[in-house]
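please work out how this folds:
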Amino acid sequence: MAAHILHRLRHALAGEGSREERARGSSEVEDFPESSELEDDTEGLSTRLSGTLSFTSHEEEDEDEDEEVDGAGEELGEAPQLAGAAAGAEDGGRCWGQCAGEWSPAAERPGSSLLTRQLQELWKKSRGSLAPQRLLFEVTSASVVNERSSKYVLYTIYLIRSGQFDKAPAVIARRYSDFERLNRRLRCRFSCDMAGVAFPRKRLRRNFTAETIAKRSRAFEQFLSHLHSIAEIRRSPEFLEFFFLQDLRAAQRLTCTGMYREALATWANAYRLQDRLGVCSSGRFLLTLAGLAVCHQELDELCEAHSCCEQALQLLEAQGSHPLLGPFLQAHIHLAWKVGKDKRRSEARLQDLQEAGPPLQQQPTLKECLIKEPLE
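Below you'll find the model as predicted:
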């Protein structure tokens, strides 16, 4: 009897186990679809997470940014947001959000707004000390010139401000001997600074092959860029006069011979060259404005001449006396009367100048000053 009861108990337990296995098997079929369905679902998952932030890549970017702003970190101090980001890395990146556009707890942390304010303050401090625009030197063409007694290559070089388009760019044309003379003069005066500046050497033959001309063109571009990167050199008369002294001499000669249209183009190029080089307050620049004013006036372009005189008088505003101040005031008063502009301020300044100096009849005109000015 006991054996019969035990047998029935075992049979009942076995039946319940089989039902549980069948139930478990059916749920497993529901929970785990076929392999093809699983692959399709994986593809859908990858599509949905295509905008997820890659935390590994962000760690690398943060390291690069830390190297760039290392100096600023000392001024700003510890940034709380960076510490929060590091904590997020240990947590598996939870504070960065799970997908693109999802709310992130880090956005509401006080460190986030604090870092933003610090960066804004740093930007405000640095706005007044931004680096000037870079000046590019580009050899756009080179031509072989044959003269009776010599043969040489003439290199045409454009001076271009980076990030800008010039409708009328500043341009010079120089030969190898011009570059060599500049190199020699600078090495005599700035021997230490010029020690690391490379210059293409002379060649005994094959100077006029396309390969040599191309190599020298690139070398001259690098040579001028290196010189301009040294503050002492780019402000030196040797470097500056290499660019615009030839134009000033040619423009003065053309003005003296009455070729005002040709002279005007040369004065205008000298103006652009000095503007690119950042020497718009020197005596050479005032002479350039005088040349432009005289040529415009002789060509009956009175408004342009008046504008040149106004620009020159603005530069001379802070100077008590200058050889060109009186001639510019006279020219400005005459042109203002011609074009119907206000001339009272210039008349008052000229009156004060006459009371402190020679009478008006003894002062030269702007054209006389321009012709007599020695350009060495």
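
the host helix or strand of residue 219: which residues count as buried?
Here residue 219 sits within helix 210-228, counting by DSSP states H and E. For helix 210-228, the neighbour count (16 or more other C-beta atoms under 10 Å) marks 213, 216, 217, 219, 220, 221, 223, 224, 226, 227, 228 as buried. For every residue, glycine as well, the C-beta is placed using N, CA and C.

cool, and stretch 192-208?
Using 16+ other C-beta under 10 Å as the test for burial, stretch 192-208 gives 193, 194, 197, 199, 200.

isn't residue 213 right up against residue 143?
No - using C-beta atoms under 8 Å, residue 213 makes no contact with residue 143, being 9.3 Å away.

residues shared between the contacts of these two?
residue 153 (C-beta atoms under 8 Å, 6 or more residues apart in numbering).

among the buried residues of stretch 192-208, which are in strands?
Counting by DSSP state E, none of the members of these fall within strands.

pull the most distant pair out of those.
Pairwise distances across the buried residues of stretch 192-208 peak at 18.8 Å for 193 and 200 (criterion: C-beta to C-beta).

about what we covered before: which one of the buried residues of stretch 192-208 is nearest residue 352?
residue 193 (44.6 Å).

confidence score at the closest one?
The model reports residue 193 with a pLDDT of 94.

give me the three-state assignment for the residue lying closest to residue 309 once chain neighbours are set aside.
Once flanking residues are discounted, residue 309 sits nearest to residue 332: 4.0 Å by C-beta to C-beta, 6 or more residues apart in numbering. Secondary structure assignment for residue 332 (DSSP: H, G, I helix; E, B strand; the rest coil): helix.

measure residue 332 to residue 341 for me?
9 Å (C-beta to C-beta, to the nearest Å).

cool, residue 242 as well?
With C-beta to C-beta as the criterion, residue 242 and residue 341 are 38 Å apart.

neighbour count winner among the two?
Shown here are residue 242 and residue 341; by other C-beta atoms under 10 Å, residue 242 has more neighbours (21 against 16).

is that one in a helix, a strand, or coil?
Criterion first, three-state DSSP; result for residue 242: helix.

try residue 254
Going by three-state DSSP: residue 254 is helix.

check residue 139 too.
Residue 139 - assigned by three-state DSSP - is strand.

quick check: it touching residue 156?
Yes - with contact defined as C-beta under 8 Å, residue 139 reaches residue 156; the gap is 6.9 Å.

looking at the two, which one has more neighbours?
Neighbours per residue, other C-beta under 10 Å: of residue 139 and residue 156, the larger number sits with residue 139, 19 against 15.

look up which residues are beta-bridged to that one.
Beta-bridge partners recorded for residue 139 (DSSP bridges): residue 157.

could you pull out the buried residues of the host helix or strand of residue 369?
Per DSSP H and E: residue 369 is located in helix 366-372. Buried positions in helix 366-372, judged by neighbour count with 16+ other C-beta under 10 Å: 366, 367, 369, 370.

show me what it is packed against.
Packing partners of helix 366-372 (3 or more C-beta pairs under 8 Å, 6 or more residues apart in numbering; DSSP states H and E): helix 237-256, helix 283-298, helix 325-339.

out of these, deepest packed?
Comparing the helices and strands packed on helix 366-372 by mean neighbour count (mean count of other C-beta atoms under 10 Å), helix 283-298 ranks first with a mean of 23.

any idea which of the buried residues of stretch 192-208 is closest to residue 282?
Taking those together and measuring to residue 282 by C-beta to C-beta, the closest member is residue 193, at 21.7 Å.

how far away is the closest one from residue 210?
Applying C-beta to C-beta to residue 193 and residue 210 gives a distance of 33 Å.

next one: residue 254
34 Å.

what's the answer for residue 217, then?
Residue 217 is 10 Å from residue 210, by C-beta to C-beta.

find the helix or strand that residue 173 is a member of.
strand 170-175.

which residues touch that strand?
140, 145, 152-159, 242-243, 246-247, 269, 272-273, 275-276.

one more pass at 10 Å, please.
For strand 170-175, contacts defined as C-beta atoms under 10 Å, 6 or more residues apart in numbering pick out 135, 137-143, 145, 150, 152-161, 178, 181-182, 220, 224, 242-244, 246-247, 268-277.

buried subset of those as a ChimeraX selection?
Those of the contacts of strand 170-175 that count as buried under 16+ other C-beta under 10 Å are selected in ChimeraX with:
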select :135,137,139,142,152,153,155,157,158,159,160,161,178,182,220,224,242,243,244,246,247,268,269,270,271,272,273,274,276,277
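
domain parsing for the protein?
134-234, 246-376 (automatic domain parsing).

give me the contacts around stretch 137-146.
151-160, 169, 171-175, 207-208, 210, 213-214, 216-228, 243, 276.
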